[in-house]
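Participant: below: sequence and its predicted model.
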Amino acid sequence: MEVKRAETAGFCMGVVLALQKLDGLLAVEKGKGRIFTLGPIIHNPQVMEEYARKGVAIAESAGEIPAGATAVIRAHGVPKEVQEDLVWRGVAVVDATCPKVKKAQLLIHQQAQAGRVLLLFGEESHPEVRGLLSYAEAGAFLFDTKEKLGAVPIVPEKRYCLAAQTTQDRGVFDAIVQELSRRADCDLTVLQTICDATRQRQEEAVRIARDMEFMVVVGGYNSGNTRRLVQVVAAQRTPVLHVETAGELPLPEIGRYARVGLTAGASTPNKAIDEVHQLLATL
Ligand code: SF4
């Protein structure tokens, strides 16, 4: 079997930086202080289990983190009031928000200061989206499909800015920009907040999927960017399988294919990708 592995598969810059900050903190604290992450630091259960063994606890809400402890803000960022509340309660904050998410927060805040209402293309339940919305002090509308944008009440008396969750599909976002640009009644500023890491992974996955008979995508089931990789591959009509670990591969089924592509989400450790790669290579 020929296995073609994507060069972009695996950790993105934001995840690398966040984990470096957490590792640095663990090295300094050496088990003396209590370390919490606000939600899982990345969407990968296997990585989170490793950190749990090193004593890092996951807090589901900021209120669970006691004064004197250290809270690590993950790459997705948090709503600004959450960060302010932690500092106010005497929690040491290590901000591991990805620089690209930070930039999106800043741009949205600047536009809000100028009175622009945010039109945000993103998923309501995603933590990054909740963080971005907190910077839209002039108001915001959230939609997760181009169709739902139609229900947003856009009025000529207001000015708007359009942004996207960093991991959204660039093609859909461009179509939304085009649709809004055609409306003469919409005074719009477009913020480019989609991350290249996502686009590069998606484009390479599409290129490989077009050449291969079958695709394997490795990454947490709770990872939004991994699930979207699966979707863009499926859109090429190439059969695709999403797994978290090598142990989940249905080897007899995959063994029927001669050419298999392999990629992984931005929160998937190399170890997990290597294990899947090695197992596929034995077929
Ligand atoms: S996908 Fe992009 S924006 Fe998101 S954490 Fe990675 S580098 Fe940052």
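Facilitator: The structure has been received and is ready for your questions.
Participant: use CA for all of it now, contacts and neighbours both
Facilitator: OK.
Participant: how about the residues of the protein by the ligand?
Facilitator: By the rule Cα under 6 Å from any ligand atom, the part of the chain lying against the ligand is 12-15, 75, 98, 100-101, 166-167, 195, 197-198.
Participant: please redo it, this time with the cut-off set to 8 Å
Facilitator: 11-15, 75-76, 97-101, 166-167, 194-198, 225, 266-267 (Cα under 8 Å from any ligand atom).
Participant: so of those residues, which ones are in helices?
Facilitator: Among the residues of the chain next to the ligand, DSSP state H puts 13-15, 99-101, 196-198, 225 in helices.
Participant: make a markdown table out of the residues you listed and add neighbour count and pLDDT.
Facilitator: Formatted as a markdown table, these follow (neighbours: other Cα atoms under 10 Å; pLDDT from 0 to 100):
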| residue | neighbour count | pLDDT |
| --- | --- | --- |
| Met13 | 15 | 93 |
| Gly14 | 22 | 94 |
| Val15 | 24 | 92 |
| Pro99 | 15 | 96 |
| Lys100 | 18 | 95 |
| Val101 | 23 | 96 |
| Asp196 | 14 | 83 |
| Ala197 | 18 | 88 |
| Thr198 | 22 | 82 |
| Asn225 | 24 | 85 |
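Participant: spatially, which two of these are the most separated?
Facilitator: Farthest-apart pair in these is Pro99 and Asn225; separation 17.2 Å (Cα to Cα).
Participant: which residue sits closest to whatever residue of the stretch 101-250 of the chain ends up closest to the ligand, ignoring its sequence neighbours?
Facilitator: Closest approach between the stretch 101-250 of the chain and the ligand, counting by Cα to the nearest ligand atom: Cys195, at 4.6 Å. Excluding the flanking residues, the one nearest Cys195 by Cα to Cα, 6 or more residues apart in numbering is Thr166, at 5.1 Å.
Participant: neighbours of the residue of the stretch 101-250 of the chain closest to the ligand, how many?
Facilitator: 19 (other Cα atoms under 10 Å).
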